[in-house]
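> mind folding the following:
(4 chains)
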2 protein chains.
Amino acid sequence: MKEGPELSRVAALVGDPARANMLSALMDGGALTASELALEAGVLAPTASSHLSKLAEGGLLRIASQGRHRYYALSSPQVAAMLEAIMGVAALSGPTRSRPGPRDADMREARICYDHLAGTLGVAFYDSLVRRAFVCEDGDNVALSAAGEHWFAGIGIALPAQSRSRRPLCKACLDWSVRRSHLAGRLGAATLDHVIAKGWARRVPSSRVIRFSPAGRRAFDAVLDA
Amino acid sequence: MKEGPELSRVAALVGDPARANMLSALMDGGALTASELALEAGVLAPTASSHLSKLAEGGLLRIASQGRHRYYALSSPQVAAMLEAIMGVAALSGPTRSRPGPRDADMREARICYDHLAGTLGVAFYDSLVRRAFVCEDGDNVALSAAGEHWFAGIGIALPAQSRSRRPLCKACLDWSVRRSHLAGRLGAATLDHVIAKGWARRVPSSRVIRFSPAGRRAFDAVLDA
DNA sequence: CTCATGCTTCGACTAGCATCGAACAATGAA
DNA sequence: TTCATTGTTCGATGCTAGTCGAAGCATGAG
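Now for the predicted structure:
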């Protein structure tokens, strides 16, 4: 009847600072070991272990045991989307509305969101796809048009095959900084892979920032108009 | 640098069962008094007062004092969207994956989300708008086409004027039960108003369920094809 | 004015939980 | 096997935060 308890069950998991640090460290879609996450959270191993089992029990994390390591990752892109939604509310109701620092500026420009490109550049890319009718939104699903299929092939991005999971090819993901959509889904992931593989940009270690080189930025801008 | 604390600040507010009950009671976009919310949360007045000031301080609620009553409401539709996102994760990772009860079935069929129609019927309505090109998604914004403008006028829904707030006319809102978009924004609110005003459906007291009468359901279905 | 209502503040109690030290289990390497 | 590394479980501690009773402010009615 009351849906509050279910709501609070999940929110309380995110509501602890140590756990929130772990979750945001996993927002890039990667998997980290228990000790790495303990470091991220700023707690010792036993504490981290306790938190991690709670998060896994609660369905937010997925565990993959490999050798003597245990890799933890977000259990689904939907969890990442939820975290972005919470960050969005936190951003517009922050206690100290301080001017954004340089780190923030980089984050707004381009960052990784689960496994695809977010931020100003991610939104610009998505807008250019919509403008040229390469993708067409229909409900929450985003469909790739024939022209779009051809265009992606032309710039060297192969359409990723359907994997075991039923993850959609294209999906819109709400951007917390720009508050508009950017491209997610398998094609969004493939696009980011392409940008990295081409050397246009690289990930800044231990952060979600994606840093474009000057030449890479020019190449990316060219793609927006190509 | 670490964004965990900000994330947990907001999540912890939702993470208490009493507060979560209050928030989900406000999910219909209405405003309730402190004592009504205390009843919803199942706590006494002093406890509720403490929770409410925390929520307001945290930016999730907006207060309107009228006479000796204080009305509390969600501070923005974005807060409602965040709550829906959390509910979505809670639904697919629930501890007891019990078969949905009748109340759940009603909720999935049609419910109020802040101030617009959600659930299967809400998604169907939105899909029919997209199919007939009455609205066109572009990024997170949804644009009303000239044909759509004409169509809405034809079925008797006047376009709501821009209010003081910069709330968009059309917006897509992710549905937690169907996991696709439905129509939000000022036009979404106007549509629900129309459905209620025409007597096609009514709100079930003290719940988010929207119950269509048989005749109302037929009328609504007709609109989907008209 | 006097009383009632709605809400908040204060103070005290309590329960839950995050934290860490120490010990234990599991895996891999030498 | 023996040792090192990684991670978990257990137990104890300490603090935070939710809860309510009682009292204090407002506002509105009679």
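> surely A:Leu169 is within a helix?
No: A:Leu169: not assigned to a helix; according to DSSP: H, G, I helix; E, B strand; the rest coil it is coil.
> what residues are up against it?
Residues near A:Leu169 by C-beta atoms under 8 Å, 6 or more residues apart in numbering or on different chains: A:Leu144, A:Leu159, A:Pro160, A:Gln162, A:Gly185, A:Arg186, A:Leu187. Every C-beta, even on glycine, is put in place using the N, C-alpha and C of the backbone.
> chain B: which of those is nearest?
Distance to chain B across the contacts of A:Leu169 (C-beta to the nearest C-beta) is lowest for A:Gly185, with 13.5 Å.
> show me which of the contacts of A:Leu169 are buried.
Using 16 or more other C-beta atoms under 10 Å in any protein chain shown as the burial test, the contacts of A:Leu169 include A:Leu144, A:Pro160, A:Gly185, A:Arg186, A:Leu187 as buried.
> angles on the backbone of A:Gly199, please.
Here is the backbone geometry of A:Gly199 (degrees, to the nearest 10): phi 80, psi 20.
> er, A:Val130 actually
Here A:Val130 shows phi and psi, under degrees, to the nearest 10, equal to phi -70, psi -40.
> so which of the buried ones among the contacts of A:Leu169 belong to strands?
A:Leu144 (DSSP state E).
> shaky segments in chain A?
A:1-2, A:4, A:94-103, A:137-141, A:162-168, A:173-180, A:206 (pLDDT under 70).
> could you pull out the helices for it?
Secondary structure of chain A (DSSP state H): helices located at A:4-14, A:17-25, A:34-41, A:45-57, A:77-92, A:102-109, A:120-131, A:146-154, A:185-197, A:214-225.
> would you mind giving the ones you listed as JSON lines with distance to A:Leu169 added?
Converted to JSON lines, the helices of chain A look like this (distance: least, C-beta to C-beta, whole Å):
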{"stretch": "helix A:4-14", "distance to A:Leu169": "28"}
{"stretch": "helix A:17-25", "distance to A:Leu169": "26"}
{"stretch": "helix A:34-41", "distance to A:Leu169": "31"}
{"stretch": "helix A:45-57", "distance to A:Leu169": "29"}
{"stretch": "helix A:77-92", "distance to A:Leu169": "13"}
{"stretch": "helix A:102-109", "distance to A:Leu169": "26"}
{"stretch": "helix A:120-131", "distance to A:Leu169": "13"}
{"stretch": "helix A:146-154", "distance to A:Leu169": "10"}
{"stretch": "helix A:185-197", "distance to A:Leu169": "5"}
{"stretch": "helix A:214-225", "distance to A:Leu169": "19"}
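> I'd like these as JSON lines, with distance to DNA strand D appended.
Below are the helices of chain A laid out as JSON lines (distance: least, C-beta to the nearest atom of the strand, whole Å):
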{"stretch": "helix A:4-14", "distance to DNA strand D": "9"}
{"stretch": "helix A:17-25", "distance to DNA strand D": "10"}
{"stretch": "helix A:34-41", "distance to DNA strand D": "3"}
{"stretch": "helix A:45-57", "distance to DNA strand D": "3"}
{"stretch": "helix A:77-92", "distance to DNA strand D": "16"}
{"stretch": "helix A:102-109", "distance to DNA strand D": "25"}
{"stretch": "helix A:120-131", "distance to DNA strand D": "31"}
{"stretch": "helix A:146-154", "distance to DNA strand D": "38"}
{"stretch": "helix A:185-197", "distance to DNA strand D": "25"}
{"stretch": "helix A:214-225", "distance to DNA strand D": "34"}
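> out of those, which comes closest to B:Lys198?
Nearest of the helices of chain A to B:Lys198, taken as C-beta to C-beta: helix A:4-14 at 32.2 Å.
> greatest separation within the contacts of A:Leu169: which pair is it?
The largest separation in these, counting by C-beta to C-beta, is between A:Leu144 and A:Gln162 at 13.1 Å.
> list the residues that contact the residue nearest in space to the middle of chain A.
What sits nearest the mean C-alpha location of chain A, by C-alpha atoms, centre = their mean, is A:Cys113, with 1.6 Å. A:Cys113 is in contact with A:Met27, A:Asp28, A:Ala80, A:Glu84, A:Gly122, A:Cys173, A:Asp175, A:His182, A:Ala184, A:Arg208, counting by C-beta under 8 Å, 6+ apart.
> show me what it bridges to in the sheet.
A:His116 (DSSP bridges).
> against DNA strand C, how distant is it?
Note on A:Cys113: its distance to DNA strand C, by C-beta to the nearest atom of the strand, to the nearest Å, is 26 Å.
> tell me how far that residue lies from B:Tyr126.
When distance is defined by C-beta to C-beta, to the nearest Å, A:Cys113 is 25 Å away from B:Tyr126.
> one more: A:Pro46?
A:Pro46 is 49 Å from B:Tyr126, by C-beta to C-beta.
> higher neighbour count, these two?
A direct count of neighbours by other C-beta atoms under 10 Å in any protein chain shown for A:Pro46 and B:Tyr126 places B:Tyr126 higher, at 31 against 9.
> what's the burial count for A:Glu40?
20.
> show me what contacts A:Ile196?
With C-beta under 8 Å, 6+ apart, A:Ile196 has these contacts: A:Arg202, A:Arg203.
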